[in-house]
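S.K.: quick one, structure for this:
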Amino acid sequence: MTAVAIVVVVILLVSSVTWYVYWRPWTPRDLLGAEHLQPGTQRDLEGTITSVHVANTTQGTIVWLGLAGEGTCNAIAIGNPTVPYRVGDRFRTTLHFQEYTINGDPAVWAPEAACPFPVTLDAMGTVMDSVSLVAGLVFRLASPADPEWAVYTLFTPNGDRYDPARIPVTVGKMAPLLTGPEDPLLGARVDSAAKWIQYAAVEYARLSAMQVDSPWSFMDSLEEGSSTDGRIRYVDANANGWVDDGDELRVRLERLENETAFQTYLLLTGQPGAQGYGIGYGAGVKYILHGSRGPLEFRPGRDEGFLQLVHESDTVNATVTSTLLVSEVGSPDRLPVADYRVAVLRSDAPLLSGRLDATPQTSSGGVRLDFLDDGDGLLDGGDAFTLSGLENRSAMTLSLRIVADSPPVWSISWFPGYGHVSGRVHAIGLTENSTTRGKVDLWGFGWHPELALNGTARVSLWENGTLVLDGLRLTNGTLGTFANGTLAFADADGDGYLSRGDSLRLSGRSGSRYRAEVSVLFGYRVAGIELVA
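M.R.: Predicted coordinates:
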């Protein structure tokens, strides 16, 4: 081969490699790899569309296009909202990689790609919204987003009302994750899809703890109306003195001037318990992904509201008949009654289940479920349930699920003859005092109205396996006497509630074995402890 031919072959080989490495369109697999991305780099991304998802976000309409290929992201590219994309079509776009910051950490990403950023962080926000729905308070970001004030409208899953004086608010500003120029996990900056996924994983671990060690802003209670630094404001929208549907919580977030700068925050309401925030009375959780135009949230265009199940009333005779109403928050989907399955549980044991359009249903024990449709054939506001033949003060739950889904979508728990309890009552703590024999330190994990003295709290005592005091009402002072002693309760702080620092005091026969139990809500929450006098 002549020298000229060799040179030509080398040039062709180099050109081919250069085209393959630098100019050929990336596939989704390339994008989701570990390659270090450089600011200013442009790369074409091409693939076959596997899904088209139109998201009505707080910052406008976005089209997510799932592209065929390996990887954990099912929505990769961001398309043009005016183009009618179809599954099976080929899609090609240019990625413009830029300098980003996330919580102050340096990063690189392209705004034309949705995954792994910001989709992974938005997914964490969806998880926290679900936690908040279970905890008791739901935060819905008002739209359009305000770049200075994040305005959240408050809702509850069961039309609950809370005492604002008992609900503190904490806003935590998530700290940077990189520990130095060469962080052991992420290096000098978050500059690959793999690192973005790692970053999100660590952020989620921090988020799961729901602890804010150094609050960025704090308000002792919603009753105050505003935090001392002015960053948090509470608005009782209907001026009824309760925290309930339609009230507002406003947070003034730091202004970000750069469109590629993002900061995350954790907004928490309710008193912390043994497992952190988000579980006590008036608890709610909101994960905020904040950018230059305000908080960023992705919501399907149809997801503009949800249904509520609300306890309306009880009629008490030999058995109890409970009436539950269906109400609407915003503009939820209204699906046919035939699309739903209903289940009724007593003390978490299945009692009735089946198609919602197959009611009435009657259990073997005589409990009857009736569904009252308002006449339009849809599950929506104005519909109602009645359950008759219920045992007084039993623990009941009614849940609904859509046929195509397995988990319940809406549910309500209540005690027939007593009603629905706002917020969750968590565990009671009993610990034998280390210095005083016969003394039991007692507390509740977070304040709740059901922990009030002279309420549903009861105390029982066994001596050598024999019940000697049965279901005594919890009051301050001597609870009861038995043949070999007495049992007393001390409300140490005088607040009228079972709380940390309170105690039981047992005086019994030396050498006898005792067991004390404290319960609330008709035995729904029970704590016990073994003692030797």
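S.K.: and the strands in the stretch 351-500 of the chain, which stretches?
M.R.: For the stretch 351-500 of the chain, the strands defined by DSSP state E, counting those that start in this stretch occupy 361-362, 368-372, 384-390, 396-402, 410-414, 428-432, 439-444, 458-463, 466-473, 477-482, 485-490.
S.K.: highest average neighbour count across those?
M.R.: Mean neighbours per residue, mean count of other Cβ atoms under 10 Å, is largest over those for strand 439-444, with a mean of 22. For glycine as for every other residue, the C-beta is placed from the backbone atoms N, C-alpha and C.
S.K.: ok and it relative to strand 458-463, angle-wise?
M.R.: Counting by axes from the mean of the first three to the mean of the last three Cα atoms, to 10 degrees, strand 439-444 lies at 150 degrees to strand 458-463.
S.K.: ok, strand 439-444: who's next to it in the sheet?
M.R.: Applying DSSP bridges to the sheet, strand 439-444 is found paired with strand 428-432 (antiparallel), strand 502-507 (antiparallel).
S.K.: least confident of the ones you listed, on average?
M.R.: Confidence, taken as mean pLDDT, is least for strand 428-432 of these (a mean of 88).
S.K.: quick revisit: okay, the strands paired with strand 439-444 in TSV with distance to Val251 next?
M.R.: As requested, the strands paired with strand 439-444 are exported to TSV (distance: least, Cβ to Cβ, whole Å):
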stretch	distance to Val251
strand 428-432	33
strand 502-507	35
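S.K.: my read: Glu254 touches Thr264, true?
M.R.: No. Counting by Cβ atoms under 8 Å, Glu254 stays clear of Thr264, with 11.7 Å between them.
S.K.: now list whatever residues contact both of the two.
M.R.: Residues touching both Glu254 and Thr264 (Cβ atoms under 8 Å, 6 or more residues apart in numbering) are His290.
S.K.: so between these two, which is more surrounded?
M.R.: Neighbour count, other Cβ atoms under 10 Å: between Glu254 and Thr264, Thr264 has more, with 21 against 11.
S.K.: would you list the phi and psi of Val119?
M.R.: Backbone geometry at Val119, expressed as degrees, to the nearest 10, gives phi -60, psi -40.
S.K.: distance check, it against Ala77.
M.R.: 11 Å (Cβ to Cβ, to the nearest Å).
S.K.: got any residues that touch both of these two?
M.R.: Here Val119 and Ala77 share the contacting residues Trp64, scored by Cβ under 8 Å, 6+ apart.
S.K.: more neighbours: which of those two?
M.R.: Set Val119 next to Ala77 and count neighbours by other Cβ under 10 Å: Ala77 wins out with 26 against 20.
S.K.: and that one, what are its bridge partners?
M.R.: Counting by DSSP bridges, the residues bridging with Ala77 are Leu65, Ala113.
S.K.: CA-only coordinates of the helix or strand containing Phe139, as PDB, when you get a sec.
M.R.: Per DSSP states H and E, Phe139 falls inside strand 138-141. Backbone C-alpha positions of strand 138-141 (Å, rounded to 0.1, in the frame of the first residue of the first chain) are rendered in PDB as follows:
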ATOM      1  CA  VAL A 138     -52.400  18.200  52.100                       C
ATOM      2  CA  PHE A 139     -50.500  21.100  50.500                       C
ATOM      3  CA  ARG A 140     -51.600  22.200  47.000                       C
ATOM      4  CA  LEU A 141     -49.400  24.800  45.300                       C
END
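S.K.: distance from the chain centre to it, please.
M.R.: 11 Å (Cα atoms, centre = their mean, to the nearest Å).
S.K.: over to stretch 425-445?
M.R.: For stretch 425-445, the distance to the chain centre is 30 Å (Cα atoms, centre = their mean).
S.K.: hmm, who's touching that stretch?
M.R.: Taking Cβ under 8 Å, 6+ apart as the rule, stretch 425-445 contacts 273-274, 279-280, 446, 448, 450-451, 489, 497-508, 516, 518-521, 524-529, 531, 533.
S.K.: show me how to select, in PyMOL, the buried members of these.
M.R.: PyMOL command restricting the contacts of stretch 425-445 to the buried ones, with burial defined by 16 or more other Cβ atoms under 10 Å:
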select buried, resi 273+279+280+446+448+450+451+489+497+498+499+502+503+504+505+506+508+516+518+519+520+521+524+525+527+529+531+533
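S.K.: which of the contacts of stretch 425-445 fall within helices?
M.R.: Residues of the contacts of stretch 425-445 located in helices (DSSP state H): none.
S.K.: what's the closest of the strands of the stretch 351-500 of the chain to Leu65?
M.R.: strand 396-402 (26.6 Å; Cβ to Cβ).
S.K.: helices and strands of this protein: which one has the lowest mean pLDDT?
M.R.: helix 3-18 (a mean of 33; mean pLDDT, DSSP states H and E).
S.K.: for the chain, which residue occupies the most central location?
M.R.: Val131 (1.6 Å; Cα atoms, centre = their mean).
S.K.: name the element the residue lying closest to Asp183 once chain neighbours are set aside belongs to?
M.R.: In this structure, Asp183 finds its nearest non-sequential neighbour in Leu177, 7.6 Å apart by Cβ to Cβ, 6 or more residues apart in numbering. Under DSSP H and E, no helix or strand contains Leu177.
S.K.: give me the mean pLDDT for the longest strand along the chain.
M.R.: Using DSSP state E, we find that the single longest strand of the chain is strand 42-57. Strand 42-57 shows a mean pLDDT of 86.
S.K.: what packs against it?
M.R.: Helices and strands touching strand 42-57, by 3 or more Cβ pairs under 8 Å, 6 or more residues apart in numbering; DSSP states H and E, are helix 28-31, strand 60-67, strand 77-79, strand 90-96.
S.K.: show me where pLDDT drops low in this protein?
M.R.: 1-34, 69-75, 143-147, 211, 213, 271-279, 299-304, 404-408, 445 (pLDDT under 70).
S.K.: so what are the domain limits for it?
M.R.: 3-109, 119-295, 305-414, 428-532 (automatic domain parsing).
S.K.: how long is the longest one from one end to the other?
M.R.: Start and end residues of domain 119-295 are separated by 14 Å (Cα to Cα, to the nearest Å).
S.K.: now do the last one
M.R.: Using Cα to Cα, one end of domain 428-532 lies 21 Å from the other.
S.K.: just the third one next, same as before
M.R.: For domain 305-414, the first-to-last residue distance is 24 Å (Cα to Cα).
S.K.: so how far is that domain off the chain centroid?
M.R.: 23 Å.
S.K.: same question for the last one.
M.R.: In terms of Cα atoms, centre = their mean, the gap separating the centre of domain 428-532 from the centre of its chain is 33 Å.
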